[in-house]
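# A structural model of the following input is requested.
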Amino acid sequence: EKHIPPHVAALREYQPGKPIAELAREMRLDRIVKLASNENPLGASPKALSALSNLCADSNRYADPHSWELTHALADRLGVTPRRIICGAGTDSLLANILLAFSEKGDEVLTASGTFIGILVNTRKYNRKLITVPLDNYRFNLAALASAVTDKTKIIYIANPNNPTGSIVTGDELSGFLKKVPGHVLVVLDEAYFNYSKTIADYPDGLTFDAPNLIVTRTFSKDYGLAGLRIGFAVAQEEIINTLYKVRLPFEPSSAAQIAALAALDDDQFLAETLAQNERSLKVMSEKIGRLGIHVVDSSANFLQMIFDSESFAAEFAGACLNRGLILRHTPAFGVPEGVRINSGTDGETEFALDIIEVVYHQLKDTPASHNCTSFIP
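Residues are numbered from 1 along each chain as shown. From the prediction side, this is the model:
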């Protein structure tokens, strides 16, 4: 019998938002809308799609291991040298490589108790010790994080905006926090939703902080609609980037991902349309969901976190919406068991979702005795 290390045996397979095709097979519904995975409802950048049409002829070639064209384009846009940038197969892959490069068994990784599942899963996968502090009103508590640092702390993870709650930490909070963190502790600032938040007055751009132990990660998955191609990047001091190159897979990200991201980076019109649609959808959602009496966390991203009275109610709510063709994300795996996350949609998807949410919420609210089901993760 094969030996499986205990920390691997204890892992649970990642449960993504249920694919539309799978739900269609199971339920045979006339219409299905997926607003569970913070994907771009407008699709992918047209410039990226156009660039991909010429890829097939070079599919026999390995990808550029240093993503030269993309890193130089990013460097020009971000105002840093290319040697301070590394590309990877999405934020998940970047986090995995950061853990591999800058920690070892027995080291502590410090974060909030309710945040992006990628850091939680990767920390356990690499058999590091996960230390968490509670969210404060669904926000990262940087003072509590700073106080929780020990001699074994090697990495601190902060998502800004936070996923799944959509809340932010301010520039003053982040500046004060970075001054308290010892220099040997690597601070990972995950800015996956940067473009959705950058116009908010108190939102800090991580690249403006001169901290040698800071690494900022961003992605093309959301704003540019390239989630299926898996591509993101990290910016840090050259020494950190050089170390990451030693542990990552040699031909990551793929040629297709690099080509699409390079073209998407130049698609300002699509980005503007995406941000406008997101603002419109979330405004309508937050107003109507709020009128129903459901608490919604103030969000600076492309999703809303609905908060219910209990995990069982949240689970039943997500399940009932799923049965009607609306795929949402119950968030116990993210550390927010009483929450259900919904991302922005097109105008039609938004209307469809809100109609279902209203019907389901009223039905469940009027039958409180039924909320005894186990946790449901769509």
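# okay, now Glu273: neighbour count?
Per other Cβ atoms under 10 Å, the neighbour tally for Glu273 reads 15. For every residue, glycine as well, the C-beta is placed using N, CA and C.
# Check which residues of the host helix or strand of it are buried.
Element membership for Glu273 (DSSP states H and E) is helix 268-291. Judged by neighbour count (16 or more other Cβ atoms under 10 Å), helix 268-291 contains these buried residues: 270-271, 274-275, 277-278, 281-282, 284-286, 288-289.
# Sticking with Ala234, tell me its helix or strand.
strand 232-235.
# can you map out the helices along the stretch 251-378 of the chain?
Using DSSP state H, counting those that start in this stretch, the helices found in the stretch 251-378 of the chain span residues 255-264, 268-291, 311-323, 347-365.
# Can I get these in TSV including distance to Glu26 and mean pLDDT?
Supplementary listing: the helices of the stretch 251-378 of the chain in TSV, determined by distance: least, Cβ to Cβ, whole Å; pLDDT from 0 to 100:
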stretch	distance to Glu26	mean pLDDT
helix 255-264	31	96
helix 268-291	26	98
helix 311-323	10	97
helix 347-365	17	97
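# Show residues contacting the worst-scoring helix or strand of the chain on mean pLDDT.
Scoring the helices and strands of the chain by mean pLDDT, DSSP states H and E places helix 20-27 at the bottom, with a mean of 72. Residues from elsewhere that reach helix 20-27 (Cβ atoms under 8 Å, 6 or more residues apart in numbering): Leu29, Ile32, Lys34, Leu322, Asn323, Gly325, Ile327.
# For it, what is the distance to the chain centroid?
Here helix 20-27 is found 24 Å from its chain centre; the criterion is Cα atoms, centre = their mean, to the nearest Å.
# Same question for stretch 148-160.
19 Å.
# do stretch 88-103 as well
Per Cα atoms, centre = their mean, the centroid offset for stretch 88-103 relative to its chain is 14 Å.
# and that stretch, what's its mean pLDDT?
What stretch 88-103 shows for mean pLDDT is 97.
# Extract the CA atoms of it and return them as PDB.
Taking Å, rounded to 0.1, in the frame of the first residue of the first chain, the C-alpha atoms of stretch 88-103 are listed here in PDB:
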ATOM      1  CA  GLY A  88       3.200  32.500 -13.100                       C
ATOM      2  CA  ALA A  89       0.200  30.300 -13.800                       C
ATOM      3  CA  GLY A  90      -2.100  32.500 -11.700                       C
ATOM      4  CA  THR A  91      -1.900  33.700  -8.100                       C
ATOM      5  CA  ASP A  92      -2.300  30.100  -6.800                       C
ATOM      6  CA  SER A  93       0.900  29.100  -8.500                       C
ATOM      7  CA  LEU A  94       2.800  32.200  -7.400                       C
ATOM      8  CA  LEU A  95       1.700  31.500  -3.700                       C
ATOM      9  CA  ALA A  96       2.800  27.900  -4.000                       C
ATOM     10  CA  ASN A  97       6.300  29.000  -5.200                       C
ATOM     11  CA  ILE A  98       6.600  31.600  -2.600                       C
ATOM     12  CA  LEU A  99       5.900  29.100   0.200                       C
ATOM     13  CA  LEU A 100       8.300  26.600  -1.400                       C
ATOM     14  CA  ALA A 101      11.100  29.200  -1.700                       C
ATOM     15  CA  PHE A 102      10.800  31.100   1.500                       C
ATOM     16  CA  SER A 103       9.600  28.600   4.200                       C
END
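# what comes into contact with it?
Outside stretch 88-103, the residues within contact range by Cβ under 8 Å, 6+ apart are 86, 109, 116, 118-119, 122-123, 125-126, 128, 154-155, 157, 186, 188, 190, 192, 215, 217-219, 221, 230-234, 240, 243-244, 246-249, 252-254, 257.
# Which of the residues you listed fall in helices?
Counting by DSSP state H, the contacts of stretch 88-103 place Gly118, Ile119, Asn122, Thr123, Lys125, Ile240, Thr243, Leu244, Lys246, Val247, Ala257 in helices.
# just the buried members of these?
Gly118, Ile119, Asn122, Thr123, Ile240, Thr243, Leu244, Ala257.
# what's near enough to touch the second one?
Put plainly, it is Ile119. Leu95, Val109, Thr111, Tyr157, Ala159, Val188, Asp190.
# State the distance from Gly345 to Arg31.
12 Å (Cβ to Cβ, to the nearest Å).
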